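Colleague: A structural model of the following input is requested.
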Amino acid sequence: MNIFYPEAFQGQGKTRHYFEGWYFKIIDRKAENIMAVIPGISIEDNAKSSCFIQVMDANKAESFYLRYAIRKFSYLKNKFQISIGENHFSGDSMTLDISKDGLEMKGRLEFGELSFWPKSIISPGAMGWYSYIPFMECYHGVISMDHHISGELEINGKTIDYNEGKGYIEKDWGRSFPQGWVWAQSNHFSAKKASIMLSVAKIPFKRFSFTGFICGLMVNDKFYIFATYTGAKIKKIDISQRQAEICLEDKRHVLNIKTINSVSATLASPEMGAMGGRINESIRAIIEVSLFDKRKGKPIFTDKSNIGALEIVNPQVLL
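Modeller: Numbers count the residues shown, from 1 in each chain. Predicted structure coming up:
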């Protein structure tokens, strides 16, 4: 595993029970065309390995799972650049040439002014020092919290203009998704540059399990990280299948997050490397965020997004 480049392909030498997927969220300037494109690889064993592209359309609340032979997958070492057939993905761009299973999707998008998760030797990515633990069931990385998009896509005969749009990129890799989790993300707030990613999950650890969390809030290039590895605590968690209300706190700040689900689409999810699971994701959820400075006794950031991504899976295990 390449700890210091979590965005790059991590699965070199894997022959069984492994998955890796990159999540591209793309939104046009008027926020009328909201989509997620998820390229990835699934390794059950050598005979059943494949790669895939999932596409989710928020407007139609539908998704596509496009399966390709494993030989169609290629990558560069120590750099985030992968290809699935004639489809190419990196931190700088996405080129699509899909004509498969009822979906025609062609074009190229370029990404600029990426906002990176802070890195250090102690904390080489969003997972902090947990990145160094070799037996985690699932690893998580954030490639860009927010960036500009330029370019167009032709989708089933309709040209979509993504110039001056906004994007977000993250990834997951490992054996399986957790037993239960809530994940929320948005970089569409009334503030000019603000973005949040929250993940709370039931994490198996050797023979035990614990509820771990990662949350990054970026406001005007300043980053606030609340995570299990930073010593932050969950002060409140109230979750149902439709909404979640979570309060995180550290020595200096209190962060309140409230999410409400919307119309969702079904995505395939990994189970021991195979993409046999099914989860529902909304990318038109409501996300309310408030950050409070305890020492100064005043709010730092309060805002609301109507274009958030949200997954709530088996919430009962988090309570």
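Colleague: ok, now how distant is the residue lying closest to Asp161 once chain neighbours are set aside from Met94?
Modeller: In this structure, Asp161 finds its nearest non-sequential neighbour in Glu152, 5.5 Å apart by C-beta to C-beta, 6 or more residues apart in numbering. Where C-beta positions appear, they are placed from N, C-alpha and C, glycine not excepted. Going from Glu152 to Met94 by C-beta to C-beta, to the nearest Å gives 12 Å.
Colleague: These two: who's more crowded?
Modeller: Ranked by neighbour count (other C-beta atoms under 10 Å), Glu152 and Met94 place Met94 first, with 25 against 15.
Colleague: Hmm, that one is touching Leu109, no?
Modeller: Yes. Between Met94 and Leu109 there is a contact under C-beta atoms under 8 Å: 4.9 Å.
Colleague: Now do the residue nearest to the spatial centre of the chain against Lys60, distance only.
Modeller: Centroid-nearest residue in the chain, with C-alpha atoms, centre = their mean: Glu170, separated by 4.1 Å. Using C-beta to C-beta, Glu170 is found at 23 Å from Lys60.
Colleague: before we move on, back to that, okay, and the common contacts of Glu152 and Met94?
Modeller: Leu109 (C-beta atoms under 8 Å, 6 or more residues apart in numbering).
Colleague: okay but the residue nearest to Asp161 is in contact with Ile160, surely?
Modeller: Yes. Judged on C-beta under 8 Å, Glu152 makes contact with Ile160 at a distance of 6.4 Å.
Colleague: Can you list the strands that the helix or strand harbouring Ala244 pairs with?
Modeller: Using DSSP states H and E, Ala244 sits in strand 243-249. Its sheet considered, strand 243-249 pairs with strand 233-239 (antiparallel), strand 253-260 (antiparallel) by DSSP bridges.
Colleague: Other residues contacting the longest one?
Modeller: Okay, so that is strand 253-260. By C-beta under 8 Å, 6+ apart, the residues outside strand 253-260 that reach it are 182, 184, 196, 198, 215, 217, 224, 226, 235, 242-249, 285-294, 300, 308, 310.
Colleague: Please work out which of the strands paired with strand 243-249 is packed deepest.
Modeller: strand 253-260 (a mean of 20; mean count of other C-beta atoms under 10 Å).
Colleague: Next secondary structure after it?
Modeller: strand 265-271.
Colleague: following that next one, which helix or strand shows up next?
Modeller: strand 274-293.
Colleague: For that next one, enumerate the helices and strands it packs against.
Modeller: Under the contact definition 3 or more C-beta pairs under 8 Å, 6 or more residues apart in numbering; DSSP states H and E, strand 274-293 sits against strand 18-27, strand 34-43, strand 50-57, strand 181-186, strand 208-219, strand 253-260, strand 265-271, strand 298-313.
Colleague: if you compare those strands, which one is most tucked away?
Modeller: strand 181-186 (a mean of 25).
Colleague: Can you give the strand pairings for that strand, parallel or anti for each?
Modeller: Applying DSSP bridges, strand 181-186 is found paired with strand 194-205 (antiparallel), strand 298-313 (antiparallel).
Colleague: what's the offset of it from the middle of its chain?
Modeller: Put simply, strand 181-186 sits 8 Å off its chain's centre (C-alpha atoms, centre = their mean, to the nearest Å).
Colleague: Check stretch 240-249 too.
Modeller: Using C-alpha atoms, centre = their mean, the offset of stretch 240-249 from its chain centre is 18 Å.
Colleague: which residues are contacting that stretch?
Modeller: Contacts with stretch 240-249, where a contact means C-beta under 8 Å, 6+ apart, come from 182, 184, 198, 200, 213, 215, 226, 232-239, 254-261, 310, 312, 315.
Colleague: Overlap in contacts, Met94 and Leu109.
Modeller: Ile26.
Colleague: So what's the residue count around Ile143?
Modeller: 25.
Colleague: which residues does it contact?
Modeller: Per C-beta under 8 Å, 6+ apart, neighbours of Ile143: 7, 22, 80, 91, 114, 116-117, 169-171.
Colleague: In terms of helices and strands, where is it?
Modeller: In the assignment (DSSP H and E), Ile143 maps to strand 138-155.
Colleague: List the buried residues in that strand.
Modeller: 138-149, 151, 153, 155 (16 or more other C-beta atoms under 10 Å).
Colleague: Can you list the strands that it pairs with?
Modeller: By DSSP bridges, strand 138-155 pairs with strand 103-112 (antiparallel), strand 158-161 (antiparallel), strand 165-174 (antiparallel).
Colleague: what's the closest of those to Ser42?
Modeller: strand 165-174 (11.2 Å; C-beta to C-beta).
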